[in-house]
Structures are given as structure tokens and as C-alpha cells.
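Chemist: Next input, structure requested:
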Amino acid sequence: MSLLTILHHPDPRLRQKAPPVTVFDDALQTLIDDMFETMYDAPGVGLAATQVGVALRLAVMDCSEDKARPQPIVIINPQIVDPDERVEMEEGCLSVPGIADKVQRYSRLKLQALDRHGQPFEMDAEGLLAQAVQHEIDHLDGKLYIDYLSALKRERISKKLAKARKS
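Modeler: A predicted model of the protein is given here:
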């Protein structure tokens, strides 16, 4: 396994809509393992393939509170069905490092996806897991959580990140 480079805003690859995964081969399994290693090292609770420069509808997540007992989840070609009401949640992103803000997310949802071997599954998610699912699907659609913020906040964030890159 190896660590992958996480792309940072405003890298244009973060804005690409990822095509579906159609091949479940050894290369995909290696990518998934590398994504988990990268996510845990960052540290983060989710990582989409687009964040590491791979245009595939694939994300990995682990929202377990006890890091000694990981609960890794792979979602491929995910779809949200039957979402509940929206609530305000604090959110950050490995591609927008060091910055967090409040955004509206569904509090609960049902997820339909494929697992790492291409087998379909459904999962009910709420709280942090529901938030992570929505966040990672946004990445696969070329969106960042900052897109839900006001233009003024986005401009401030972009300036702050640009300043940090120059340091």
C-alpha cells in the first residue's frame, strides 16, 4: 500500500464529475487500499477517488469513534434515496485543509451502492455517517462543501488557502 497525494482546492480535477466504476479488478482493489491508507494518515473520515486525482465514482469512509476498532466502508457508484430533513452541520474537508464551516445536510438517508467487489448493498445512515456519504458523493459530482457557502465566504477561504500555499 502507498499514500496518495490529496488534491487541494482550487485544483480543477476536484471539479470533474466522476464516471461510474465498471471494472472490478486488482488495480481497483489496490486503489481502495491506498485510499484507506491515505484517509487514515490524513487523518479523515472519508476520501473520494476524485480527491486523489482518479476520476471514478468511488469513495472510502470510516466514521467509527473508536480508532482501535475501524469500520471501513467502500461505496462505489453511490446513490442517495429516501433522505430525511436537512440540518446544519459543521463540516471540513481534506481538500480544503484547516477550514470548517456549517452547511445543510440530510440528517438521515438510505444509501444504495456497490461494495469493493461490485456487489450491490443498501445502508441506512444518520449523523456523521450520513454527512460523510453526502460529502463524498458531492466530490464525485465535482462539488466541494464550500459551494454551499456564500460567495463572500468562498472568496475568503480561497484567499486564505492561497496565502497558506505561498508560506
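Chemist: quick one, longest strand in the chain?
Modeler: Looking across the chain with DSSP state E, the single longest strand is strand 96-106.
Chemist: Check which helices and strands it sits against.
Modeler: Applying 3 or more C-beta pairs under 8 Å, 6 or more residues apart in numbering; DSSP states H and E, one finds that strand 96-106 contacts strand 86-93, helix 127-140, helix 151-166. C-beta here means a position set from N, CA and C on the backbone, and glycine is covered the same way.
Chemist: What are the buried residues along the longest one?
Modeler: Going by neighbour count (16 or more other C-beta atoms under 10 Å), the buried part of helix 151-166 is 154, 157, 161.
Chemist: ok, the last one touching residue 93?
Modeler: The one in question is residue 161. No. Residue 161 is beyond contact range of residue 93, at 11.1 Å (criterion: C-beta atoms under 8 Å).
Chemist: Name the residues contacting each of those two.
Modeler: residue 99 (C-beta atoms under 8 Å, 6 or more residues apart in numbering).
Chemist: Measure how buried residue 75 is and give me the count.
Modeler: Number of residues near residue 75 (other C-beta atoms under 10 Å) recorded here: 26.
Chemist: hang on, it in a strand?
Modeler: Yes. The assignment for residue 75, made by DSSP: H, G, I helix; E, B strand; the rest coil, places it in a strand.
Chemist: so who does the residue nearest to residue 123 when sequence neighbours are not counted touch?
Modeler: Using C-beta to C-beta, 6 or more residues apart in numbering and skipping residues adjacent in sequence, the residue nearest residue 123 is residue 111, 4.7 Å away. Neighbour list for residue 111: 75, 78-81, 122-125, 133 [criterion: C-beta under 8 Å, 6+ apart].
Chemist: Likewise for residue 144?
Modeler: So residue 144 contacts 9, 14, 93, 95-96, 138 (C-beta under 8 Å, 6+ apart).
Chemist: Just give me the closest of those residues to residue 35.
Modeler: Among these, residue 95 lies closest to residue 35 (C-beta to C-beta), at 13.5 Å.
Chemist: Would you mind measuring from residue 143 to residue 85?
Modeler: Using C-beta to C-beta, to the nearest Å, one obtains 21 Å as the distance from residue 143 to residue 85.
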